[in-house]
Structure formats: C-alpha cells, structure tokens
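In: got a predicted structure here, sequence first:
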Amino acid sequence: MVLNPVRAAPTGVFEIARVFRAPKPLVWKAWSEADRLQQWWGPKGCTVNVARLEFRPGGFFHYTMQFRDGAPPMWGRFMYREIEASERLVWLNSFSNAGCGITRAPFDQTIPLEIQNTVTFEEHDGSTVVSLQAVPHGAPEEECKVFEAMFASMENGYGGTFTQLGDFLARV
C-alpha cells in the first residue's frame with residue numbers, strides 16, 4: 001500500500017512510502033545484506049548483481065542491472081553517508097562504471113549526477129513503514145528541473161522496486 005505523506009513534499013523532493021508486513025529487523029536486513037539486496041533492488045524486470053557492498057558510512061554498494069532485452073548491463077552505486085542501524089539510511093546514488101566511478105545516466109545526460117536518498121524505518125504492530133526521500137545533490141538548476149519532471153517515472157520505478165521488496169519479504 002502506498003501511503004500519502006501527511007505533508008506535501010517540499011519542491012524538488014521526491015517522496016514515497018510503503019508499509020511492509022514484516023518486522024523492522026527483517027526489513028533492515030533486506031537493505032543491509034548483499035545477498036538480500038540483490039534479490040529485490042532495482043527496476044522490475046532486471047537482475048541485480050552485487051559487485052561490492054561495504055555497509056558503512058563512506059562505503060559503497062556497487063552493482064550491475066541486467067535487463068531481459070539483452071542490452072549491456074548498467075552499473076550503479078550507492079555511497080553511504082549515514083547509517084543509523086534499523087532506523088535510517090542516507091546515501092548518494094548514481095550511475096557508475098565498472099570501477100565504481102560516477103558516470104552520467106546512459107539514457108539521459110541531463111539527469112543529475114548524484115541523488116541523495118534518505119530512507120527511514122518505523123515499526124507499527126509488526127509491520128514496517130519504509131519512507132524514502134530523494135533530492136538532487138550538487139546539481140545545477142537545469143538538472144533539478146529534469147529531476148522534478150521525472151517524479152511520475154520515479155513513482156513507477158520505486159513503486160516496482162518496493163513491490164519486489166514486499167515479495168521478497170513475504171518469501172523469507
């Protein structure tokens with residue numbers, strides 16, 4: 001179920017939240033362990049392979065996304081900025097190369113180079129609310145406008161990713 005935020009998101013901030021019928025420690029493990037992340041992270045219809053997971057501030061989650069259409073894999077990375085165990089994650093997300101260096105999105109050069117994501121976890125009666133906020137990091141105004149124009153697409157993308165997380169949590 002998608003939750004409507006109690007307040008409107010500030011201009012330029014993408015927000016999405018979901019309730020998962022799983023206890024917070026299990027949901028946290030899904031976000032913090034490589035073998036679990038690769039089973040649900042990413043857009044629907046792609047396979048994620050973890051190249052590296054250093055789950056600590058300053059560490060990286062470096063991965064490939066392989067789509068069924070046979071296109072070459074796309075690399076992505078998180079650079080973790082803050083980790084508050086079972087409560088909050090903050091990371092910079094970007095496309096990358098095989099060496100974990102930042103690259104532009106292969107399909108649109110005007111997308112911000114880095115997006116800061118903040119995810120919080122709240123448990124209520126055995127279920128966990130996961131709330132995500134995303135905002136461009138260090139992007140010029142033109143790229144911020146491109147980011148805002150992508151909100152509907154991001155709703156679908158994160159929505160599909162969160163659906164996969166829900167399916168994964170139901171299996172474990």
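Out: It's in.

In: what are the boundaries of the helices in this structure?
Out: Counting by DSSP state H, one finds helices in the chain at the ranges 24-32, 34-37, 141-149, 151-171.

In: who's in contact with Ala105?
Out: Ala105 sits next to 95, 111 when contact means C-beta atoms under 8 Å, 6 or more residues apart in numbering. Using the backbone N, CA and C atoms, a C-beta is placed for each residue, glycine as well.

In: ignore what I typed, I meant Pro73.
Out: Residues in contact with Pro73 (C-beta under 8 Å, 6+ apart) are 49, 64-66.

In: quick one: low-confidence residue ranges for the chain.
Out: Scanning the chain with the threshold set as pLDDT under 70 gives 1-10.

In: mind listing the strands for it?
Out: Counting by DSSP state E, the chain has these strands, from start to end: 14-20, 46-53, 60-67, 74-84, 88-96, 102-103, 115-124, 127-136.

In: related to what we said a few turns ago, got a markdown table for the helices of the chain, with mean neighbour count and distance to Ser127 too?
Out: Below are the helices of the chain laid out as a markdown table (neighbours: other C-beta atoms under 10 Å; distance: least, C-beta to C-beta, whole Å):
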| stretch | mean neighbour count | distance to Ser127 |
| --- | --- | --- |
| helix 24-32 | 18 | 9 |
| helix 34-37 | 16 | 18 |
| helix 141-149 | 14 | 30 |
| helix 151-171 | 15 | 10 |
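
In: to Ser96, which of those helices lies closest?
Out: Across those, the minimum distance to Ser96, taken as C-beta to C-beta, is reached by helix 34-37, at 15.7 Å.

In: and that closest one, what does it pack onto?
Out: Counting contacts by 3 or more C-beta pairs under 8 Å, 6 or more residues apart in numbering; DSSP states H and E, helix 34-37 packs against helix 24-32, strand 46-53, strand 60-67.

In: of the ones you listed, which is nearest Gly126?
Out: Distances from Gly126 to each of the helices and strands packed on helix 34-37 were compared using C-beta to C-beta; the minimum, 9.2 Å, belongs to helix 24-32.
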